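J.: got a sequence here, can you model it:
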Amino acid sequence: MKLYLRYALVALALSGMCFAQTQANEPAKKAPHAAKKKAVAANATKEELKALEDKLNAQQKALDALQQQNGQLSQSLQQTQSQLAEAQNAAHDAQAKVSALETEQKPAITKLQSDVSDVRSSLTNTAATLQAEQKRVSDLEHPLSIAYKGIRLTPVGFTEATAYYRQRATQSDQATPFQAIPLGAQVNGGYNSHLSEFGITARDSRLALRVDADAGKTKLAAYFEGDFFGTGPTSNPNQTTSYTYRIRQAWGRAKFANGWTITGGQMWNLITLNRKGVDADNANLWIPNIIEASYSVGYDWGRFGEVRIGKQLNDKMAMAFSVTNPSYINQTNNTTAGVAGLAVGGNGLWGNSLVNAASTCTSTSVTTPVTITCTATVTPTYSTNLAPDFIGKFAYDDPKLGHWEIKGIARIFRNRILPGTAVNSYGTASVSRGYNNEALGYGVGGGAVVPVVPKKVDFIAQGLWGKGISRYQASGQYDFVLRNSGNDYDLQPIKAFSALTGFETHPRPKMELDFLVGDEYYYKTLYTNIGTGAVAGYGAPNLVNTGCYYENLDAYRASGIAGAATATAVPACTGNNRNLLGAQVIFYYDLYKGPMGTLRYGVSYQYVQRSTWGGVVATPAGNITGSPKGIDNIAFTTMRYIFP
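T.: As a prediction, this is how the structure comes out:
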């Protein structure tokens, strides 16, 4: 096309030249200036034609360059397409070879994978076997139990040395009588409220033996445990501190494959809070890990004879029922005229004695040798019980929610009114025939051990409310009052409640830090004396508390109270306990823990407050109502070696 365009331009130029020549050959009739003008125009046309031709040449060159580039691109595209086709063919060939290779080598690959898996499994089994063998060798070197005639014997226990300090003395060794904290300057304990006490003891050391056996699918177990809080005729804290070994636990158990369990003997009773399930094993119980041998205010517990039947309902729920050895704790004893069958409750860890005193003595001085005769007042420590205590418990366990339980208790109290006893409720001076009185005690409670931070922090809560339940509370108050003084001599259970809450923490594997706060409250239990119309009973407002504020007779005589100057004795301090409050912080650190056992150091601080019901207090200005209190600050430190 460019040739046609060039030809057209040349033709146009020649035509213009011919036209110009024709004009030049015309007659000279035209003016000279016209010819000159045409010559100029012709020159201009030539220049324009020349410029146009140059521009056309430049465009042609650019077009040639583009065509050359287009050719190169076409050639490159063809080469790329050829290479792509070759690559596709090569890939297809390679895939075919791979498929053929896979088909050919698949059995070998499968076998190789199987061999690798077998090797791994063998290594795992070898490692497990090696660990088991190492454990077996370790067990042989350091056996956890001793095999004997098909049973396994496991010695357990610990030895310890404990030092204690009390701001106000209770003369009670390592076990604090919470219900008897000295009240101010009380005469009943008198100087103790002004004296501190310090002691070192090993009485809480324990020796125990666990027995396990398998009778087919039935798991058999027995456990015996004792410490040295017993007292004997020669037991004293003087030269040898020879306190006697006593039973803490002695029980046997059969656990059947269908989930039923039967346990009998002396054990932590069913009212005690569990960590898991409803069994009596120490590992399944929540027992405050404290140095104080009386545990804690607000803790509900007991260890005495019991037969317990339990059932594991499923992997989370269990229940149990027990019949428990009964015992009454009452204000008065069977020395009350006309009443039989009662006994003063034992003092538990603080010791008790069948002989109260031997204070009446007579002598014959006219004979040789001199004859001295003494009579002793004997207080029985066993009540004549009508029936056992009945306890039931239902427990729920969950790995995240922890252990939860509810429980209940029923008790039956009894005494006997002897013939000839004056009983005003019968309208006669005395009864001609003896008869028995009964009363019912009961209580409901619950508890929980909740993992706030697994294996680090547990929240603890437990409580009990009811009538006649104080036997099961840490402070061991009275279960009932005897309506005496010419009344009907009925048994009137005292209403009470107890609660304990806190945290058990393990900041580090060898450390334990616990916080506990407990409370026990005893309600007024009043009655009206039929003969006199006076109010009497537990927490009666007419009980005398004057003696709680004077250390001795001289202090009372100097008080300025009317008649005190000539008094021959200090008035009584008889106010009944209303509330007990306790708080403890306990810290342990394991100096050593391994196959040889555990060497543990511990220290604790305890605060105990005792409050009483208001009673009559004589003052120089007249009688007032006074509610004396007692506060004790107690510290313990211990070093304990726990058997492996």
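
J.: what segments of the stretch 201-350 of the chain are strands?
T.: Assigned by DSSP state E, counting those that start in this stretch, the strands in the stretch 201-350 of the chain fall at 206-215, 218-230, 244-255, 260-268, 303-312, 317-324, 339-340.

J.: swap that for the stretch 351-500 of the chain, sorry
T.: 355-364, 371-378, 389-398, 402-417, 435-453, 457-467, 480-482, 491-493, 495-505.

J.: what's the fifth one packed up against?
T.: Other elements packing on strand 435-453 under the criterion 3 or more CB pairs under 8 Å, 6 or more residues apart in numbering; DSSP states H and E are strand 402-417, strand 457-467, strand 491-493. For the C-beta atoms, the positions are set from N, CA and C on the backbone; glycine is no exception.

J.: re earlier: need the winner for burial among the strands of the stretch 351-500 of the chain.
T.: Ranked by mean neighbour count under mean count of other CB atoms under 10 Å, those are led by strand 480-482, which reaches a mean of 24.

J.: what does that one rub up against?
T.: 328, 330-332, 336, 339, 342, 413, 415, 439, 441, 468, 489-494, 525, 527, 537-538 (CB atoms under 8 Å, 6 or more residues apart in numbering).

J.: ok so, going back, including mean pLDDT and distance to L599, could the helices and strands packed on strand 435-453 go into a markdown table?
T.: Formatted as a markdown table, these follow (pLDDT from 0 to 100; distance: least, CB to CB, whole Å):
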| stretch | mean pLDDT | distance to L599 |
| --- | --- | --- |
| strand 402-417 | 94 | 30 |
| strand 457-467 | 98 | 24 |
| strand 491-493 | 90 | 47 |
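
J.: which among these is found nearest to K50?
T.: strand 457-467 (104.3 Å; CB to CB).

J.: what strands flank the closest one, and is each parallel or antiparallel?
T.: Partners of strand 457-467 in the sheet, by DSSP bridges, are strand 435-453 (antiparallel), strand 495-505 (antiparallel).

J.: just the CA trace of the shortest one, in CSV.
T.: Pointing back at strand 495-505 there. Output in CSV follows, covering the C-alpha atoms of strand 495-505 (Å, rounded to 0.1, in the frame of the first residue of the first chain):
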residue,chain,number,x,y,z
LYS,A,495,-29.5,-26.5,119.2
ALA,A,496,-26.1,-25.7,117.6
PHE,A,497,-24.4,-25.2,114.3
SER,A,498,-20.8,-25.3,113.1
ALA,A,499,-19.0,-24.2,109.9
LEU,A,500,-15.5,-24.3,108.6
THR,A,501,-14.2,-22.8,105.3
GLY,A,502,-10.8,-21.9,103.8
PHE,A,503,-8.2,-22.7,101.1
GLU,A,504,-5.6,-25.4,100.7
THR,A,505,-2.8,-24.2,98.4
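
J.: outside of it itself, list whatever touches it.
T.: Under CB under 8 Å, 6+ apart, the answer for strand 495-505 is 288-289, 296-300, 452, 456-467, 469-470, 473-474, 477, 512-523, 525.

J.: poorly predicted segments of the stretch 151-300 of the chain, please.
T.: 185-190 (pLDDT under 70).

J.: quickly list what the closest residue to I151 other than its chain neighbours is bridged to.
T.: Distances taken as CB to CB, 6 or more residues apart in numbering place A213 nearest to I151, at 4.3 Å, with adjacent residues excluded. Beta-bridge pairing of A213, defined through DSSP bridges, involves L220.

J.: how about the contacts made by A213?
T.: 150-152, 219-221.

J.: now the buried members of the residues you listed.
T.: The neighbour count (16 or more other CB atoms under 10 Å) marks 152, 221 as buried among the contacts of A213.

J.: nearest to Y164, of the contacts of A213?
T.: Out of the contacts of A213, the member with the shortest distance to Y164 (by CB to CB) is A221, at 34.5 Å.
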